[in-house]
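A predicted structure for the sequence below; I have some questions about it.
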Amino acid sequence: YARGMMQHHPSGLDVLNAPTDVMPLNSVQPEAIGALIDALGAQYDYLVLDLPRALVDWLEPVIKKSSRLHLVMDTSVPCIRHAKRLIDFYQESQIGLPVDLIVNREAKPLLKSSVIKDAEAVLDHTFSHWLPEDSKACRRAVDLGKPVSISSANSAFSKACSRVANSTVSSFAKTATAQR
């Protein structure tokens, strides 16, 4: 049943789309989410879940079954405050959960400014990856209904996304080797 809900893309990516109808975030039962993750996890090597910025009951089974958290954010003060709350919540739900902070719409600076250093100190994490502003490539991907890696493969944004993906796969491979 879970496999039938997936949309297959010619790139090889399978996606479980959000419902077409607007639904309250709390209308999903935690047990249903846990069962869905288990079913999909048995069929796929990797599951990537796009979570809401809100804290809802069904997040607990997601976090407990997670092996890594990518938190996409910017470096504005409100975003850093919100990121701190989310990191604290996620790490209370699963102690030791690795967290990668991904800065969106900013190019990686050559030297970290005092603002960046202060943000990393407040978050108690360093920024792992940077996704540069590239609204043209992102808009093209949305309009074509294709991943940016296909619609704008040579864009700075696509290359940065590839670095995030490669780093993630590499960290999973290292973890698997260490567990053997």
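Now that the structure is in, tell me what you want to look at.

Go ahead and flag the most central residue of this protein.
Nearest residue to the geometric centre of the chain (CA atoms, centre = their mean): H70, 4.2 Å.

Report whether that one is found in a strand, as I expect.
Yes - counting by DSSP: H, G, I helix; E, B strand; the rest coil, H70 is part of a strand.

doesn't V164 make contact with it?
Yes - between H70 and V164 there is a contact under CB atoms under 8 Å: 7.2 Å. Any C-beta I mention is one placed from the backbone N, CA and C, and that applies to glycine too.

Can you tell me how far the residue nearest to the centre of the chain is from Y1?
Distance, H70 to Y1, by CB to CB, to the nearest Å: 28 Å.

Can you name the residues bridging to the residue nearest to the centre of the chain?
D100 (DSSP bridges).

Please work out which residues outside the strand or helix carrying L36 touch it.
Per DSSP states H and E, L36 falls inside helix 30-41. For helix 30-41, contacts defined as CB atoms under 8 Å, 6 or more residues apart in numbering pick out 1-3, 6, 16, 47, 49, 57-58, 60-62, 65.

Just the buried ones among these, please.
Buried members of these, counted by 16 or more other CB atoms under 10 Å: A2, L47, W58, E60, P61, V62.

Export those as TSV, with columns for secondary structure, pLDDT and distance to I102.
TSV is the format used below for the buried ones among the contacts of helix 30-41 (DSSP: H, G, I helix; E, B strand; the rest coil; pLDDT from 0 to 100; distance: CB to CB, whole Å):
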residue	secondary structure	pLDDT	distance to I102
A2	helix	73	27
L47	coil	88	18
W58	coil	88	23
E60	helix	88	23
P61	helix	89	23
V62	helix	89	18
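
of all those residues, which two lie farthest apart?
A2 and E60 (19.7 Å; CB to CB).

what about the residue lying closest to Y1 once chain neighbours are set aside, neighbour count?
In space, Y1 comes closest to A39 once its chain neighbours are excluded; the distance is 7.5 Å by CB to CB, 6 or more residues apart in numbering. If you count neighbours by other CB atoms under 10 Å, A39 ends up with 14.

Q94 too?
Neighbours around Q94, by other CB under 10 Å: 16.

ok, how many other residues are close to the residue nearest to it when sequence neighbours are not counted?
Computed as CB to CB, 6+ apart, the closest residue to Q94 that is not its neighbour in sequence is I63, at 5.1 Å. If you count neighbours by other CB under 10 Å, I63 ends up with 17.
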